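Participant: here is a sequence together with a model predicted from it:
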Amino acid sequence: MLGRELATAGSRFSWQLQGLGEGAAAYCFGRLAEKLARPVLIVAPTASVAEGFALDLRTVLGEREDADFLTRRVHLFPERDAPPFEMVSPSLEVEAARAAAAYQLGTATAPIVVASVAALTQRTPPRAPLLESVVYVTPDSELDVEALTTRLQGYGYRASGVVEEPAEFAVRGGIVDVWPAGSDFPCRIELYGDLVESLRYFDPADQRSFGKAEKVVILASDAFPLSRLGETSVRRTVNARCDELSLRASVRRELDECLAAGVRFPGAELVMTYAGGEPAWIGDFAPASTLLATLDPAGVHEALRDQLALLDEAEATATE
């Protein structure tokens, strides 16, 4: 009965379920989610609670841990593993997982995204540019390899002789190997001229194919096209900001050289506002029909207060 109410309820519908441990809560929500044909955003107080709940929910729904993100319903939106307001970039794996969760929340029919309070407070690339950067490849479609490699490099993918890590690609004759951001395995695109003959996953350890793919979705591994860094307007705006912050001449010169070359540098995400548009948050990807669920509301409120205090302290330190 409750599942039917959830499936048909409007955005103002609210209910509470108390007295359940984490495993029991995941089981109960999983059974209810089977009847939901709408997106769900679940907020957890901490990263460990979010990770554990997502894992339990996948188990309840029978999802394989190594399943491709396109076939999963449950997605973890992780926290960035980089301190705020510092010239340090988060790991590629974390950025890829965040992009995959945002993409699924914005495009899939009934995804379930689990995020901690800290993950929610961290900005994402704007919705439109992120979705527009996606490359779709399907069997029997045409593919311009030169255009693809240019696009991949522009969004942070690295050319390599052999694909062994996420966000790498390799071109060998009529074969393009690419490891899409957010995917657990790389994909081998076999071409006949410009026609895609087959798509197959392969093991990066031994490079052997093991299964067919119906389609490949290649997400950008960077928050914005790196080519935008060298634009005059971006360099001018960043330089003006450097004036406001009274940065040393040596630091400004090094930063401008990186911008002019259009290369990734530690903390490049801090210029996203100048090169990629006003940053967004994961809620901007959620359709109006999205159901919001909160795990431990009191814990979430406490975590939010702690996160705001952390950001205030980080901002004060960065300003000093």
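Facilitator: Arrived safely, thanks for sending.

Participant: quick one: terminal-to-terminal distance for stretch 192-209?
Facilitator: 18 Å (CA to CA, to the nearest Å).

Participant: tell me which residues of that stretch are tucked away?
Facilitator: For stretch 192-209, a neighbour-count test (16 or more other CB atoms under 10 Å) marks 196, 199, 200, 201, 202, 204 as buried. Every residue, glycine included, has its C-beta placed from N, CA and C.

Participant: return the member of these nearest to residue 163.
Facilitator: Using CB to CB, residue 204 comes nearest to residue 163 of these, at 6.3 Å.

Participant: and the helices in the chain?
Facilitator: Taking DSSP state H, the helices of the chain run over residues 2-8, 22-33, 47-61, 92-107, 117-121, 127-132, 145-154, 232-245, 249-261, 272-276, 297-319.

Participant: pLDDT of the fifth one, averaged?
Facilitator: I take that to be helix 117-121. The average pLDDT within helix 117-121 is 92.

Participant: please look at residue 50 and residue 44 and confirm they touch.
Facilitator: Yes - Residue 50 is within contact range of residue 44, at 3.9 Å (criterion: CB atoms under 8 Å).

Participant: list residues touching both of those two?
Facilitator: Common contacts of residue 50 and residue 44 (CB atoms under 8 Å, 6 or more residues apart in numbering): 114, 115, 116.

Participant: and the first one, how far from residue 309?
Facilitator: Just to be clear, that refers to residue 114. Noted for residue 114: a distance of 24 Å to residue 309, by CB to CB, to the nearest Å.

Participant: settle it for me: which of the two has more neighbours?
Facilitator: Comparing residue 114 with residue 309 by other CB atoms under 10 Å, the one with more neighbours is residue 114, at 29 against 10.

Participant: any weak-confidence spans in the stretch 151-300 of the chain?
Facilitator: 223-224, 276 (pLDDT under 70).

Participant: list the residues that contact residue 144.
Facilitator: By CB under 8 Å, 6+ apart, the contact set of residue 144 is residue 194.

Participant: for it, give its distance to residue 69.
Facilitator: For residue 144 relative to residue 69 (CB to CB), the value is 25 Å.

Participant: what does residue 278 give?
Facilitator: Taken as CB to CB, the span from residue 278 to residue 69 is 26 Å.

Participant: those two: who's more crowded?
Facilitator: Neighbour count, other CB under 10 Å: between residue 278 and residue 69, residue 69 has more, with 22 against 8.

Participant: gap between the more buried one and residue 275?
Facilitator: Counting by CB to CB - residue 69 and residue 275 are separated by 26 Å.

Participant: could you do residue 253 as well?
Facilitator: Going from residue 253 to residue 275 by CB to CB gives 19 Å.

Participant: more neighbours: those two, which one.
Facilitator: Applying other CB under 10 Å to residue 253 and residue 275 shows that residue 275 carries more neighbours, namely 25 against 12.

Participant: thinking the more buried one is in contact with residue 228, fair?
Facilitator: Yes - the pair residue 275 / residue 228 is scored as a contact, 4.3 Å apart, by CB under 8 Å.

Participant: who touches both of these two?
Facilitator: With CB under 8 Å, 6+ apart as the test, residue 275 and residue 228 both reach residue 234.

Participant: still on that earlier bit, export the helices of the chain as a markdown table, with columns for distance to residue 39.
Facilitator: Putting these into a markdown table (distance: least, CB to CB, whole Å) gives the following:
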| stretch | distance to residue 39 |
| --- | --- |
| helix 2-8 | 12 |
| helix 22-33 | 11 |
| helix 47-61 | 14 |
| helix 92-107 | 6 |
| helix 117-121 | 15 |
| helix 127-132 | 14 |
| helix 145-154 | 28 |
| helix 232-245 | 34 |
| helix 249-261 | 37 |
| helix 272-276 | 24 |
| helix 297-319 | 19 |
